[in-house]
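Structure here, sequence nowhere to be found:
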């Protein structure tokens, strides 16, 4: 299980709303479903595949924006004939990019494309749209892959000669630290400060919190907190994305921009988070609590039999990945989703798709619940959650403030 599978809920691939906004939104969901198919393959996941969903989404944006020119092109893609079919352009752009990344899925992809194109009336507009989509796919299909200047170094868990360590290699793909970011200057641009020193009051406070509330046998965690731990650690903002995309008056190019920003911000935030995990290599609660007598802090206590409520992921602790993911997604939707104040945020649980949708009060509450879930689950400290949230919000603001900007007089 690799890092992106840990974050699969953040991909919003399980929409709970049956409405179809437009081909851009539909193919965005398709792109993320195909990513999951690739994730389930026994073959090692490649760096190139990490960008598949974002490249397909960006290709759709470039194609639709070329026809309905309202935003800056990220790839320097030229304007196209405004009479071209946006539907044909979007479907073609996504299909061509996904076909390049998932050639083994050619039959299903071709069938999906054929069904989508059958709904578009034949004629010059359709043919023009297909041409625009093909050119956009060519422009986006290989963008922001591995940076050859960054060496790919396999992660090695630190230990000492003769000391036992778990045999399974950590599920962090080293290529995450070597991909070209979308808006960050470098993979370490958003690296948080180091975790608190083991002799600090913050360390003692947060270790005690997770020890008390994150244990499998905790008597202090309330039933509601247990529900949060189990159903918010696998969050899904897909229903809210759908709700935004389906709102009256939204143009297809607006949805294309929203989804492209969403994907690029997620990529940068996830990359920054992974880079920080690899850099700091900080221990998980299960290790720290069982060895609390060895941290040099008189205010901590150890419990040699302590077990977390949820399973501990097989990679280092700091910062929190789920917290990073929900923070970047929520911040993008807050900044460019045009959601009226007071609107409940529709949230699903990807780990339990039959769970009824919930309306959370606001974006910050969505993020807080996920952070709480990771602490109640016994897999993260509060300071790690805070660091992940900050990465996510910074990545979102950086992408939204610098990429796909509105053209003067074209809103």
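Thanks, I have the structure now. Because the structure is predicted, anything quoted here is derived from the model rather than measured.

In what element of secondary structure is the nearest residue to residue 84 once chain neighbours are set aside found?
Computed as C-beta to C-beta, 6 or more residues apart in numbering, the closest residue to residue 84 that is not its neighbour in sequence is residue 128, at 3.6 Å. For glycine as for every other residue, the C-beta is placed from the backbone atoms N, C-alpha and C. Element membership for residue 128, per DSSP states H and E: helix 124-140.

In the protein, which helix is the longest?
For the chain, the helix with the greatest residue count under DSSP state H is helix 252-280.

That helix: how far from the chain's middle?
6 Å (C-alpha atoms, centre = their mean, to the nearest Å).

ok, and what's touching stretch 220-240?
Contacts with stretch 220-240, where a contact means C-beta atoms under 8 Å, 6 or more residues apart in numbering, come from 9-10, 12-17, 29, 212-215, 309-310, 322, 326, 329-330, 333, 337, 339, 345-352, 355, 357, 366, 369-370, 372-374, 376-377.

what about it, average pLDDT?
Here stretch 220-240 scores 92 as its mean pLDDT.

now do the same end-to-end measure for that stretch.
Stretch 220-240 stretches 33 Å from its first residue to its last (C-alpha to C-alpha, to the nearest Å).

before we move on, back to that, my read: the residue nearest to residue 84 touches residue 86, true?
No. Counting by C-beta atoms under 8 Å, residue 128 sits too far from residue 86 to count as a contact (10.4 Å).

and those two? which has more neighbours close in?
More neighbours surround residue 86 than the other of residue 128 and residue 86, with 28 against 19 (other C-beta atoms under 10 Å).

Show me the contact partners of stretch 101-120.
For stretch 101-120, contacts defined as C-beta under 8 Å, 6+ apart pick out 23, 26-27, 30, 34, 37-38, 48-49, 52, 55-56, 85, 87-88, 91-92, 95, 98-99, 126, 129.

for stretch 64-83, same thing?
24, 58, 61-63, 84, 86, 89-90, 124-125, 128-129, 132, 135-136, 139-140, 143, 251-254, 256-257, 260, 403-407, 410-411.

Type out the ChimeraX command that picks the buried ones from those.
Command for ChimeraX that selects the buried part of those, burial taken from 16 or more other C-beta atoms under 10 Å:
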select :24,58,61,62,63,84,86,89,90,125,128,129,132,135,136,139,140,252,253,254,256,257,260,403,404
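
Pull out the buried members of the contacts of stretch 101-120.
Buried by 16+ other C-beta under 10 Å: 23, 26-27, 30, 34, 38, 48-49, 52, 55-56, 85, 87-88, 91-92, 95, 98-99, 126, 129, out of those.

Tell me which entries of the residues you listed lie within helices.
Here DSSP H is the test, and the buried ones among the contacts of stretch 101-120 give 23, 26-27, 30, 34, 38, 48-49, 52, 55-56, 87-88, 91-92, 95, 98-99, 126, 129 as lying in helices.

I'd like the distance between the closest residue to residue 188 other than its chain neighbours and residue 352.
Ranked by C-beta to C-beta, 6+ apart and with sequence neighbours excluded, the top spatial neighbour of residue 188 is residue 275, at 5.4 Å. Between residue 275 and residue 352 the distance is 31 Å, computed by C-beta to C-beta, to the nearest Å.

Same question for residue 258.
For residue 258, the distance to residue 352 (C-beta to C-beta) stands at 27 Å.
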